[in-house]
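Participant: Make a model of this:
(one chain, ligands or ions: 1)
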Amino acid sequence: MSDKNKRILVTRSSMPPLEEYVEEIRTLWDSHWLTNMGEKHNLLTQELKKYLDVPGLELLVNGHSALEFTIQSFDFAPGSEVITTPFTFASTVHAIVRNNLTPVFCDIDPDTYCLDADKVEALITEKTVAILPVHVYGHICDVYKLERIAKDHGLKLIYDAAHTFGEKVDGRGIGSFGDASIFSFHATKVFNSIEGGCVCFSDEALGREVYYLKDFGIVDEENVARVGANGKMNEFAAAMGLCNLRHLPEEMEKRRRVMGRYREALKDVKGIKLSPDYENEKVKGMEVAFNYAYFPVVFGEDFGADRDSVFKRLSEHNISARKYFYPLINEMECYADRGWDAGKDTPVAVDTAHRVLTLPIFADLAIEDVDRICEIVRSF
Ligand code: T4K
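Facilitator: The predicted structure is shown next:
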């Protein structure tokens, strides 16, 4: 039921019934085994491998460490270049920079907002070692073209798939593309383990490296072979993941309904650009099983108001839309000394970042609330 005075946030964590979670963690009181690759951790690893349809998977404490450790596991020479997108969450580029590598920004595709595969090759230099695209909002990068480019130039292809939990492309798990794909199971994601994440891979040696890095480089009680860190998922988080995974089909169906309602109400509004309609059409030749993660709306010149005015009016009605992803990474304060020129290098991303608003979407968002949000947007 909708309550006009309640605050609507951009998302709300999915949670299992409390009793189900209590039941799931009951065994931990018997075993006293709380972390360090326990029973829940190992069970969730197996369940997720099946669900995501990937050959190999290593759980981590969050999506960011999944990415940072995965990059580290390739052991690239310091200063090597990684081609990536500025239209993403800070995590993506921080993971590159924290590995002493240099991000090189590629502009984005104006329809999917993912890194534009047609613009990658022009950025490759002798220092380039990898491409790190992001399936932003759950939209899919041009995976086939990127695979070809990476192969032709001998580059690693590492996907930030934080937003694409459970998606498939032409019947294949999205996590099986590239050399590695990382997912986030943060509280705000389609699937959560409170905090959590994983990396998916087909090369077992890569999985083993990430395993070492997440456990201090320990091989056994008397051997420490890597300068690792601590990225282990604890048993309570894994138990939450096991519970949430059981409810995912219903949660996804509810999200589908919410997104369908939004699309219906906003599709004919002049000046509004919606996400690609994955449910009803192939996008860039790919058939995508979508996860309804985010609902970004781009307000064009002819909408009649700018993004910030819509944001403000929604806030006045207690509705928190978010400006994901503004500011762009190549315009963030922490990188001010790098001399990056976002306007020159990534003009499509700059324009999109100033026009986009992600509207609230989560499984329990009432259809009446969706209607109310759309009414406010249409009131311009
Ligand atoms: N790569 C990409 C492309 C990513 O988007 C992310 C994370 C990562 C990598 C790294 O993955 P993790 O290390 O996080 O696993 C949020 C999330 O914290 C972050 O996970 C996510 N991307 C990013 C897009 O969004 P904030 O700062 O916007 O979150 P916050 O606290 O403002 O929460 C947003 C809304 O979610 C709240 O208004 C209400 C709801 N919420 C939030 C929390 C924390 C809940 O319902 N329950 C909660 O516990 O970053």
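
Participant: C-alpha from now on. contacts and neighbour counts both.
Facilitator: Fine.

Participant: Report the contact partners of the nearest residue to residue 34 once chain neighbours are set aside.
Facilitator: Across the structure, with Cα to Cα, 6 or more residues apart in numbering as the measure, the residue nearest residue 34 apart from its sequence neighbours is residue 235 (5.2 Å). Taking Cα atoms under 8 Å, 6 or more residues apart in numbering, we find residue 235 in contact with 28, 33-35, 37-41.

Participant: Using CSV, lay out these together with pLDDT and secondary structure.
Facilitator: Written out in CSV, the entries for these read as follows (pLDDT from 0 to 100; DSSP: H, G, I helix; E, B strand; the rest coil):
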residue, pLDDT, secondary structure
28, 98, helix
33, 98, coil
34, 98, coil
35, 98, coil
37, 97, coil
38, 97, coil
39, 98, helix
40, 98, helix
41, 98, helix
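
Participant: What subset of those is buried?
Facilitator: Buried by 16 or more other Cα atoms under 10 Å: 28, 34-35, 37-41, out of these.

Participant: Can you tell me which of those residues is nearest the ligand?
Facilitator: Closest to the ligand out of those is residue 41 (16.4 Å), distances taken as Cα to the nearest ligand atom.

Participant: List the contacts of the closest one.
Facilitator: With Cα under 8 Å, 6+ apart, residue 41 has these contacts: 59, 233-235, 238-239.

Participant: Counting neighbours, which of those comes out on top?
Facilitator: Neighbour counts for the contacts of residue 41 were taken using other Cα atoms under 10 Å; the highest belongs to residue 238, with 31 neighbours.

Participant: In contact with it, which residues are there?
Facilitator: So, once contact is read as Cα under 8 Å, 6+ apart, residue 238 ends up touching 40-41, 44, 193.

Participant: Just to be sure, it is in a strand?
Facilitator: No: for residue 238, which was evaluated using DSSP: H, G, I helix; E, B strand; the rest coil, the result is helix, with no strand membership.

Participant: gap between it and residue 339?
Facilitator: Going from residue 238 to residue 339 by Cα to Cα, to the nearest Å gives 42 Å.

Participant: swap in residue 166?
Facilitator: According to Cα to Cα, residue 166 and residue 339 sit 38 Å apart.

Participant: Residue 283 too?
Facilitator: 35 Å.

Participant: The two - which one has more neighbours?
Facilitator: In terms of neighbours (other Cα under 10 Å), residue 283 is the more surrounded of residue 283 and residue 339; the figures are 18 against 9.

Participant: hang on, the earlier thing: the buried ones among the contacts of residue 235: which two are farthest apart?
Facilitator: 28 and 37 (12.9 Å; Cα to Cα).

Participant: Pull up the residues of the protein that are close to the ligand.
Facilitator: Selection of the chain residues close to the ligand by Cα under 6 Å from any ligand atom yields 9-13, 62-64, 88-89, 91-92, 160, 162, 184-188, 196-197.

Participant: from these, which ones fall inside helices?
Facilitator: 63-64, 91-92 (DSSP state H).

Participant: Buried subset of the residues you listed, written for ChimeraX?
Facilitator: For anyone working in ChimeraX, the buried entries among these, judged by 16+ other Cα under 10 Å, can be selected with:
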select :63,64,91,92
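
Participant: now the helices for the stretch 1-150 of the chain?
Facilitator: In chain order, the stretch 1-150 of the chain shows helices spanning 18-31, 39-52, 63-73, 90-97, 143-153, with DSSP state H, counting those that start in this stretch as the criterion.

Participant: Go through the strand or helix carrying residue 309 and flag the buried ones.
Facilitator: Mapping residue 309 onto the secondary structure by DSSP states H and E places it in helix 307-316. The neighbour-count check on helix 307-316 (16+ other Cα under 10 Å) flags 307, 310-311, 313-314 as buried.

Participant: Adding distance to residue 300 and pLDDT as columns, could you present the residues you listed in JSON lines?
Facilitator: As requested, those are arranged in JSON lines below (distance: Cα to Cα, whole Å; pLDDT from 0 to 100):
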{"residue": "307", "distance to residue 300": "9", "pLDDT": "97"}
{"residue": "310", "distance to residue 300": "12", "pLDDT": "97"}
{"residue": "311", "distance to residue 300": "14", "pLDDT": "98"}
{"residue": "313", "distance to residue 300": "17", "pLDDT": "97"}
{"residue": "314", "distance to residue 300": "18", "pLDDT": "97"}
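
Participant: Rebuild the residues you listed as CSV, extending it with distance to residue 371.
Facilitator: Output for these, formatted as CSV (distance: Cα to Cα, whole Å):
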residue, distance to residue 371
307, 19
310, 15
311, 16
313, 15
314, 13
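
Participant: Once you drop chain neighbours, what's closest to residue 53?
Facilitator: Nearest residue to residue 53, sequence neighbours excluded (Cα to Cα, 6+ apart): residue 173, at 5.0 Å.

Participant: tell me the contacts of residue 55?
Facilitator: Counting by Cα under 8 Å, 6+ apart, residue 55 touches 49, 176, 200-202.
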